[in-house]
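Colleague: just a sequence and a predicted model for now, questions to come.
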Amino acid sequence: MSAGMDVPPKVRLLLADDDRLILATLGQGLRTAGYAVTAVDSAQEALASAEQARFDLALLDIRMPGMSGIEAANQLRDRHGIDSLFLTAYGDEATVAQAVQGGALGYLVKPVDLHQLVPAVQAALARARDLKALQNVRIQLEHALAGGRLVSVAIGLLMERQRLGRDAAFQLLRNDARKQSRRIEDLAQELVAAAETLNRLGEGKDK
């Protein structure tokens, strides 16, 4: 590769299992498959590792001493936005239900063959990307809705104070935003804040 070219970063996996043999075998296999792997033997160590580095996915044994993989998965997701794929020696329905409720992107029943693990990791990573994209869309929609509410309130204020119809009030707000080269939502927020300030001053005067 020529000098100066950007090398894409490796996908970083956090692997936690209290079985040292499984940890070593799967860790080495995933590294051979091209992933950067941090392998730890407890849920507590997994949480500590997440404080120190960024990970794209966690692979967690469900049953570990001290703290379960499901508990760890909840904290990894809530604190660091890391999704999890579970490893378990127990394929019963109750365990699977627990894994799903814990936000699992998938689960594999041990013993895990590397030929099943790598496709499962790839599928979980793709699912995690899809979920994050959906979350970003939801956040953008929430912001747009919030901005829309502010614009509606600002239009109502202009209708009341300028004695305008709704369309005329909107045109006034939009034209003023264009003149100032500002977003209409930002101008609406400013107008609403100013009205709230005036209302507070008026309430203080009446007391």
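Modeller: Received, thanks.
Colleague: when you work out contacts or count neighbours from here on, use the C-alpha atoms and nothing else.
Modeller: OK.
Colleague: which helices and strands sit right next to the helix or strand bottoming out on mean pLDDT in the chain?
Modeller: Ranked by mean pLDDT, DSSP states H and E, the weakest helix or strand in the chain is helix 93-101, scoring a mean of 71. Where contact means 3 or more C-alpha pairs under 8 Å, 6 or more residues apart in numbering; DSSP states H and E, helix 93-101 is packed against strand 104-109.
Colleague: next one: the strand it packs on to chain centre, how far?
Modeller: 19 Å (C-alpha atoms, centre = their mean, to the nearest Å).
Colleague: just checking, Asp61 touches Ser84?
Modeller: No: Asp61 is not in contact with Ser84 according to C-alpha atoms under 8 Å; the separation is 10.1 Å.
Colleague: chain neighbours aside, what residue packs nearest to Asp61?
Modeller: The spatially closest residue to Asp61, leaving aside those adjacent along the chain, is Leu87, at 4.5 Å (C-alpha to C-alpha, 6 or more residues apart in numbering).
Colleague: the one you found should be in a strand, yeah?
Modeller: Yes: assigned with DSSP: H, G, I helix; E, B strand; the rest coil, Leu87 falls within a strand.
Colleague: I'd say Gly27 and Ala39 touch.
Modeller: Yes: counting by C-alpha under 8 Å, a contact exists between Gly27 and Ala39, whose distance comes to 6.4 Å.
Colleague: does the residue nearest to Asp61 touch Val109 like I think?
Modeller: Yes: counting by C-alpha under 8 Å, Leu87 does reach Val109; the two are 6.0 Å apart.
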